[in-house]
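>>> no sequence on hand, only this structure:
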């Protein structure tokens with residue numbers, strides 16, 4: 001294992017202990033990269049595993065805000081007096097795009113759910129990450 005990767009793993013451990021979020025070292029490293037090409041160049045230089053390469057590419061491609069593919073904010077029709085309905089609808093709007101990513105890519109990549117959870121942790125959405133971890137994709 002290269003010394004750079006070992007150093008990254010120790011940094012990831014220290015950051016995750018301080019933040020209270022366990023992040024994969026490649027997830028942290030993805031924050032320093034701007035494009036997928038930079039990730040592929042890093043992979044060529046460090047000889048990352050297939051999982052680490054694909055995780056980095058997934059985080060870089062999906063780290064921005066996601067919009068629900070079916071619902072838009074203006075389409076939400078919930079009872080304005082019921083906070084429980086509103087909270088449920090807002091949670092569904094946030095997590096649904098990641099569920100669609102997992103379902104769409106599950107046949108090709110079995111690790112897609114783990115990548116989506118890592119992306120949510122990277123974004124700081126630990127509540128959504130734990131909810132997505134517990135969610136079972138349809139068969």
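Yep, it's here. These numbers were taken from a predicted model, which means no experiment stands behind them. Numbers count the residues shown, from 1 in each chain.
>>> please, where are all the strands along this protein?
Applying DSSP state E to the chain gives no strands.
>>> how about the helices in the chain?
With helices called from DSSP state H, the chain shows them at 3-19, 25-30, 36-46, 50-62, 83-105, 112-123, 126-134.
>>> by how many degrees do the third one and helix 50-62 diverge?
Between the axis of helix 36-46 and that of helix 50-62 there is an angle of 160 degrees, by axes from the mean of the first three to the mean of the last three C-alpha atoms, to 10 degrees.
>>> in helix 36-46, what counts as buried?
Under the neighbour-count criterion of 16 or more other C-beta atoms under 10 Å, helix 36-46 has 39, 42-43, 46 buried. (Each C-beta comes from the backbone N, C-alpha and C, glycine too.)
>>> helices and strands around it, which ones?
If you count contacts as 3 or more C-beta pairs under 8 Å, 6 or more residues apart in numbering; DSSP states H and E, helix 36-46 packs onto helix 50-62.
>>> other residues contacting the helix it packs on?
24, 26-27, 29-30, 33, 35-36, 39-40, 42-43, 48, 101, 109, 111-112, 114-116, 118-119, 122 (C-beta atoms under 8 Å, 6 or more residues apart in numbering).
>>> buried members of these into ChimeraX, please.
A single ChimeraX command selects the buried members of those (16+ other C-beta under 10 Å):
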select :24,26,27,29,30,33,39,42,43,48,101,112,114,115,116,118,119,122
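>>> picking up where we left off before, between the buried residues of helix 36-46, which is nearest residue 66?
Nearest to residue 66 among the buried residues of helix 36-46 is residue 39, at 19.6 Å by C-beta to C-beta.
>>> now do the closest one, the pLDDT please.
Confidence at residue 39, expressed as pLDDT, is 94.
>>> that one and residue 47, how far apart?
Here the criterion is C-beta to C-beta, to the nearest Å. By it, residue 39 lies 13 Å from residue 47.
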